[in-house]
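[1] Turn this into a structure:
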Amino acid sequence: MENIDHLLPLLGLAAFFAGLVDAVVGGGGLIQIPTLFVAFPSAMPATLFGTNKLASIVGTASAAVQYARRVAIPWRIAFPGALAALAGSWFGARAVAYLSPEILRPLVLALLAVVAVYTFVRKDFGVGEDREQEVPRGAAIAVAIGGGVGFYDGFFGPGTGSFLIFLLIRLLHMDFLRASVTAKIINVATNVAAIAFFAFNVELLWQAAAVMASCNLAGALVGSRLALRHGVRFVRKMFLGVVCVLIAKVAYDLLTQAS
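    The predicted structure follows:
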């Protein structure tokens, strides 16, 4: 097997910052996945996506634990949402064999733009009082969110955390902190399903994943503490920043694909 010791500092640094961003609002894949493609240009994309999931799940789970110590987890929402996401992500990963994820790029770009504009215009979006308990059929809505976004994460992936947070706030009236911890739990489920699929179907870079997972964990600890210390308005600003970067990335990919 190729010696990758010289690549480990780069991979570890990228994973640390990915874990930090991911712990606050999601979007760590924006950092980790391009770094993996640069480090391993000859590897299969599925191998790199699976390695990214392995590196991310430790930090995501750690961030969920950190939030849970300070923020009450709405388990009546999180648990059914996570179960639905587990199934959705598995079927999404399988669907890649039959459809190209590239067909989703224009739709994802449009949806991210709507999310950014709506969040920017609605200054009180996700920063007011949490009213999740008042929502009728909250568990059913959580299943729909988890299943739909879970399928998307297994099939394509960019912006999964942002879509989860936005939908949890918009449909279930959570604030940014509660939405973020709930999104982390659902995201752990999507990662478990995707890892299970990739581990049995493609070769994964276990050494790189182990180093990146430990650095991602360190970043997640820093990110979750920053979010808890500075509150919902800080998370809202980070959310808008990550969504804007996602829009730029997806738009760039579309332009590159067309040229």
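[2] residues contacting residue 240?
    By Cβ atoms under 8 Å, 6 or more residues apart in numbering, residue 240 lies in contact with 116, 119, 120. Quick note: C-beta positions are derived from backbone N, CA and C, even for glycine.
[3] and these, which of them are in strands?
    The strands, defined by DSSP state E, take in nothing from the contacts of residue 240.
[4] So residue 73 is in contact with residue 185, correct?
    Yes - using Cβ atoms under 8 Å, residue 73 makes contact with residue 185 at a distance of 7.0 Å.
[5] For the two, indicate the residue with more neighbours.
    For residue 73 and residue 185, the more surrounded residue by other Cβ atoms under 10 Å is residue 185, and the numbers stand at 25 against 16.
[6] From what I see, the more buried one and residue 63 are in contact.
    No - under the criterion of Cβ under 8 Å, residue 185 is not in contact with residue 63, lying 9.9 Å apart.
[7] which residues are common contacts for these two?
    By Cβ under 8 Å, 6+ apart, residue 185 and residue 63 have no common neighbours.
[8] how about the helices of the stretch 1-150 of the chain, start to end?
    Assigned by DSSP state H, counting those that start in this stretch, the helices in the stretch 1-150 of the chain fall at 8-25, 29-39, 45-68, 75-95, 105-121, 138-155.
[9] Now the weakest link among those, please, by mean pLDDT.
    Lowest mean pLDDT of these: helix 105-121, a mean of 82.
[10] Pull that helix out as CSV, backbone CA atoms only.
    Written as CSV, here are the backbone C-alpha positions of helix 105-121 (Å, rounded to 0.1, in the frame of the first residue of the first chain):
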residue,chain,number,x,y,z
ARG,A,105,-26.8,20.3,-9.0
PRO,A,106,-29.1,23.0,-10.6
LEU,A,107,-31.9,22.2,-8.1
VAL,A,108,-29.5,22.2,-5.1
LEU,A,109,-28.1,25.6,-6.2
ALA,A,110,-31.7,27.0,-6.4
LEU,A,111,-32.7,25.6,-3.0
LEU,A,112,-29.5,26.9,-1.4
ALA,A,113,-30.2,30.4,-2.8
VAL,A,114,-33.8,30.3,-1.4
VAL,A,115,-32.4,29.2,2.0
ALA,A,116,-29.9,32.0,2.1
VAL,A,117,-32.3,34.7,1.0
TYR,A,118,-35.0,33.6,3.4
THR,A,119,-32.6,33.4,6.4
PHE,A,120,-31.1,36.8,5.6
VAL,A,121,-34.5,38.6,5.1
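[11] remind me which residues of the stretch 151-259 of the chain are low pLDDT?
    In the predicted model of the stretch 151-259 of the chain, residues 259 satisfy pLDDT under 70.
[12] Which stretches in it count as helices?
    160-172, 176-201, 206-258.
[13] Quick one: list the elements packing against the first one.
    Contacts defined by 3 or more Cβ pairs under 8 Å, 6 or more residues apart in numbering; DSSP states H and E place helix 160-172 against helix 8-25, helix 105-121, helix 138-155, helix 176-201, helix 206-258.
[14] Out of the ones you listed, the one nearest residue 169 is which?
    Closest approach to residue 169 among those (Cβ to Cβ): helix 176-201, 4.9 Å.
[15] relative to helix 8-25, how tilted is the closest one?
    140 degrees (axes from the mean of the first three to the mean of the last three Cα atoms, to 10 degrees).
[16] in helix 176-201, what's buried?
    By neighbour count on 16 or more other Cβ atoms under 10 Å, the buried set for helix 176-201 is 176-195, 197-198.
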